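*Asks:* A predicted structure for the sequence below; I have some questions about it.
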Amino acid sequence: MERPDAIIMENIGTRFGDYWIHHNLDLTVHCGEILAIVGGSGTGKTTLLRAMMGLVPIADGKLTILGKNPQILTLREQIALRQRWGVLFQQGALFSALTVFENIAFPLREWGHLTRTEINDLVALKLQMVGLQPKDAWKLPAELSGGMIKRVALARALAMEAEILFLDEPTSGLDPIAASDFDALLRQVHADIGFTVVMVSHDLDSLAATASRVAVLADHKVLTVGPLNEVQAVDHPYIQAFFHGERGERLLNSLRATGKLPILPSDDQSGLTRQSDPAPAQP
Ligand SMILES: Nc1ncnc2c1ncn2[C@@H]1O[C@H](COP(=O)(O)OP(=O)(O)OP(=O)(O)O)[C@@H](O)[C@H]1O
């Protein structure tokens with residue numbers, strides 16, 4: 001049986017005071033996909049992620065997440081729902097006074113149903129899953145590299161067998177090698193466990209390496225959503241600037257080289273019109 005969509009946002013509006021961040025925004029996240037959200041600075045990517053998690057109130061429209069509408073749930077039901085996803089914020093956001101072990105164990109202890117042995121075993125498993133050594137368990141965050149901090153944060157986000165993983169700029173602050181290692185790790189754990197990922201990212205290489213689909217935020221809504229090769233063809237100033245700068249051209253060349261970018265015959269060669277003209281920008 002087909003699984004229901006993980007997240008459905010219909011006509012969503014969010015605002016801070018009188019200023020609307022999103023207005024009439026529609027977005028569906030399919031179960032099991034890695035959906036990346038991109039957009040210019042201040043377009044509301046982080047706010048959208050937080051609205052999905054119930055950390056920013058929804059002023060308008062309807063949110064359905066894992067089949068539930070959090071707007072009509074009791075507090076107890078909302079807490080139970082929130083245990084079904086994990087979050088990795090921009091800077092990793094580990095507790096600086098706690099060891100790696102204690103950071104990963106934190107959500108497990110909060111849940112309150114596990115014995116000490118079960119927690120030990122789960123932390124050991126999560127450490128192994130993200131490629132860290134048992135000896136790293138006793139280090140403090142200040143003793144870790146940037147890439148290791150992201151790995152610990154990922155282990156903590158996945159500690160509770162998350163069905164959805166929310167990532168805000170997961171590769172920010174990492175050098176290109178550590179960023180590409182993190183992308184490979186995300187792909188691996190995603191393939192192993194099969195959860196849904198919603199990720200905010202500015203990193204084109206990371207999008208190309210991980211995203212099933214890309215949603216572009218502009219003008220308070222989702223301008224377009226689809227596979228990267230379709231989205232980059234949409235005629236909108238932000239999309240053109242984002243995908244056709246120096247790094248964008250590098251990415252497009254790599255998509256062409258791997259056959260992921262359809263090369264359309266030009267009209268004068270084929271005598272045909274294009275089958276897939278760029279989708280029009282939504283108003
Ligand atoms: N707690 C808040 N109170 C008031 N305004 C806020 C709050 N959080 C965000 N904003 C405003 O909402 C808008 C969207 O912010 P948001 O952080 O979601 O954008 P973003 O697209 O993620 O930006 P960036 O790419 O620069 O991180 C900005 O104008 C920001 O100043």
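*Replies:* Yep, that arrived. Computed from a prediction, not measured in an experiment: that's the story for all the values here.
*Asks:* what segments of the chain are helices?
*Replies:* 45-52, 75-82, 100-111, 116-129, 146-157, 176-193, 204-210, 228-231, 237-244, 246-257, 267-270 (DSSP state H).
*Asks:* show me what Leu63 bridges to in the sheet.
*Replies:* The partner list for Leu63 in beta bridges (DSSP bridges) reads Met9.
*Asks:* surely it meets Ile72?
*Replies:* No. Using C-beta atoms under 8 Å, Leu63 is not in contact with Ile72; the gap is 10.4 Å. All C-beta atoms are positioned from the backbone trio N, CA, C, and that covers glycine.
*Asks:* if we can go back for a sec, out of the helices of the chain, nearest to Trp20?
*Replies:* helix 45-52 (10.7 Å; C-beta to C-beta).
*Asks:* distance from that closest one to the middle of the chain?
*Replies:* 10 Å (C-alpha atoms, centre = their mean, to the nearest Å).
*Asks:* briefly note if that helix comes near the ligand.
*Replies:* Yes. Counting by C-beta under 6 Å from any ligand atom, contacts between helix 45-52 and the ligand involve Lys45, Thr46, Thr47.
*Asks:* out of the residues you listed, who's nearest Ala191?
*Replies:* Proximity of those to Ala191 (C-beta to C-beta) peaks at Lys45, which lies at 25.2 Å.
*Asks:* near the ligand, which residues of the protein are found?
*Replies:* Within the chain, the positions lying close to the ligand (C-beta under 6 Å from any ligand atom) are Phe16, Ile21, Gly39, Ser41, Gly42, Thr43, Gly44, Lys45, Thr46, Thr47.
*Asks:* what about the third one, neighbour count?
*Replies:* By the measure other C-beta atoms under 10 Å, the count of residues near Gly39 is 21.
*Asks:* now it: closest residue in space that isn't a chain neighbour?
*Replies:* Beyond its immediate neighbours in the sequence, the residue positioned closest to Gly39 (C-beta to C-beta, 6 or more residues apart in numbering) is Leu217, lying 3.3 Å away.
*Asks:* let me see the contact set for the one you found.
*Replies:* Ile37, Val38, Gly39, Gly40, Thr43, Gly44, Lys45, Leu48, Leu223 (C-beta atoms under 8 Å, 6 or more residues apart in numbering).
*Asks:* and the buried ones among those residues, selectable in ChimeraX?
*Replies:* Filtering those down to the buried ones (16 or more other C-beta atoms under 10 Å) takes a single ChimeraX command:
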select :37,38,39,43,44,45,48,223
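*Asks:* any idea which of the contacts of Leu217 is least confident?
*Replies:* The lowest pLDDT within the contacts of Leu217 belongs to Gly40, with 86.
*Asks:* look up phi and psi at that one.
*Replies:* Note on Gly40: backbone dihedrals following degrees, to the nearest 10 are phi -60, psi 170.
*Asks:* good, we can wrap up now.
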